[in-house]
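**Student:** Below are the sequence and a predicted model for it; my questions follow.
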Number of protein chains: 2
Amino acid sequence: MLLRRFAFAQYAQTHACLGALSACSEEFQRLPQNINFGTTYVNITIGAADDTALSAEDEQFAGRIAALAERRE
Amino acid sequence: MLLRRFAFAQYAQTHACLGALSACSEEFQRLPQNINFGTTYVNITIGAADDTALSAEDEQFAGRIAALAERRE
């Protein structure tokens, strides 16, 4: 599993991060295994799509989310 | 703190629950302390607005969220 925490100064950035995550999910037609957020952070857990080992597609999904979220940190 | 878990049969209901939660947050102009969700569940933690004891307003906020979320369970 891949777990990453994004921390923000303000809720507006957190909200933008969640929006970016939603767009990624639409694009990849999949959801992270778990999303955990509060006012100024978003923790994202991505599991293997096939429930066994992480694939190149899983890494690509995680990489895209990270690229979009980091722009808002 | 108040913690409640809502479980759903399908992601569409989870998505509707998150939308209802967003509408509640707009209405009350506040956010839960933590929101944790996956494909078929949403865990919501509400802390005291003043960081000390839970108030009637906190309970009202939690009650409104529960009423909206339960319709989707």
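**Tutor:** Cool, got the structure. The structure presented is a predicted model; accordingly, all values stated were derived computationally and were not measured. Numbering: from 1, shown residues only, chains lettered A, B, ... in the order given.

**Student:** per-residue confidence for the closest residue to A:L2 other than its chain neighbours?
**Tutor:** Spatial nearest neighbour of A:L2, chain neighbours left out: A:I46 (4.5 Å); criterion: C-beta to C-beta, 6 or more residues apart in numbering or on different chains. Heads up, the C-betas are built off the backbone N, CA and C, glycines and all. Looking at A:I46, its pLDDT reads 95.

**Student:** ok, A:I46 touching A:F61?
**Tutor:** Yes. A:I46 is within contact range of A:F61, at 6.3 Å (criterion: C-beta atoms under 8 Å).

**Student:** Which residue ranges of chain A form helices?
**Tutor:** A:11-28, A:56-70 (DSSP state H).

**Student:** Of all those helices, which one is nearest chain B?
**Tutor:** helix A:11-28 (7.1 Å; C-beta to the nearest C-beta).

**Student:** about what we covered before: turn the helices of chain A into JSON lines, columns for distance to chain B and mean pLDDT.
**Tutor:** Below are these laid out as JSON lines (distance: least, C-beta to the nearest C-beta, whole Å; pLDDT from 0 to 100):
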{"stretch": "helix A:11-28", "distance to chain B": "7", "mean pLDDT": "93"}
{"stretch": "helix A:56-70", "distance to chain B": "15", "mean pLDDT": "92"}
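
**Student:** and those as TSV, adding distance to B:Q33?
**Tutor:** Formatted as TSV, those follow (distance: least, C-beta to C-beta, whole Å):
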stretch	distance to B:Q33
helix A:11-28	13
helix A:56-70	21
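
**Student:** To A:L3, which of the ones you listed lies closest?
**Tutor:** When these are compared by C-beta to C-beta, helix A:56-70 sits nearest A:L3, at 9.7 Å.

**Student:** on contacts alone, who are the packing partners of that closest one?
**Tutor:** Here helix A:56-70 touches strand A:2-7, helix A:11-28, strand A:41-46, going by 3 or more C-beta pairs under 8 Å, 6 or more residues apart in numbering or on different chains; DSSP states H and E.
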